[in-house]
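1. Sequence first, then the predicted structure, then my questions.
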Amino acid sequence: MSRVAHRGTIVLLQHKLDTWTPARIVYALSKFADIHIFKPERKHASRSSFYTVARNINTSSANFKTFLKRCQDDWYEATFGGKNGIGQYTDGEDEAVCITQKYLLNSFTNSVFRRSLTC
């Protein structure tokens, strides 16, 4: 993500939008990009996978910089963290993007699903 162009686009393959981690990622991306959820019916109909498309990414946004730093820190911790320096699981509970489940379910999901794509 550190190489994405200003107003560029990224595509993420994710799984289980109805779980907490992918929903938080989509929420975080929505703070600095236009978000579309895409689930191809032919290949992914019976799978939990879906694509998150983030367009018009504002790389000068403070939210983008915070998200990028958090992703880099999480990657480093997962790869080299822990007692022996061989990686450590992080659950993301101390994320810079803090939202409640109630807000996510009532407010945010309605706006995302209205803009979602299905093919």
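-> Thanks, I have it. Numbers count the residues shown, from 1 in each chain.
2. For this protein, give me the ranges with low pLDDT.
-> Low-confidence segments of the chain (pLDDT under 70): 44, 90-119.
3. And the strands in it?
-> Remark: strands assigned in the chain by DSSP state E are 10-15, 34-39, 49-55, 117-118.
4. Dump the third one to CSV, restricted to CA.
-> Read that as strand 49-55. Extracted C-alpha coordinates of strand 49-55, given in CSV (Å, rounded to 0.1, in the frame of the first residue of the first chain):
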residue,chain,number,x,y,z
SER,A,49,-14.5,-14.9,-0.3
PHE,A,50,-15.2,-11.4,-1.7
TYR,A,51,-13.3,-8.5,-3.1
THR,A,52,-12.9,-5.1,-1.6
VAL,A,53,-12.2,-2.4,-4.2
ALA,A,54,-10.8,0.8,-2.8
ARG,A,55,-10.8,3.6,-5.4
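5. quick one: strands adjacent to it?
-> Strand 49-55 sits in its sheet next to strand 10-15 (antiparallel), strand 34-39 (antiparallel), going by DSSP bridges.
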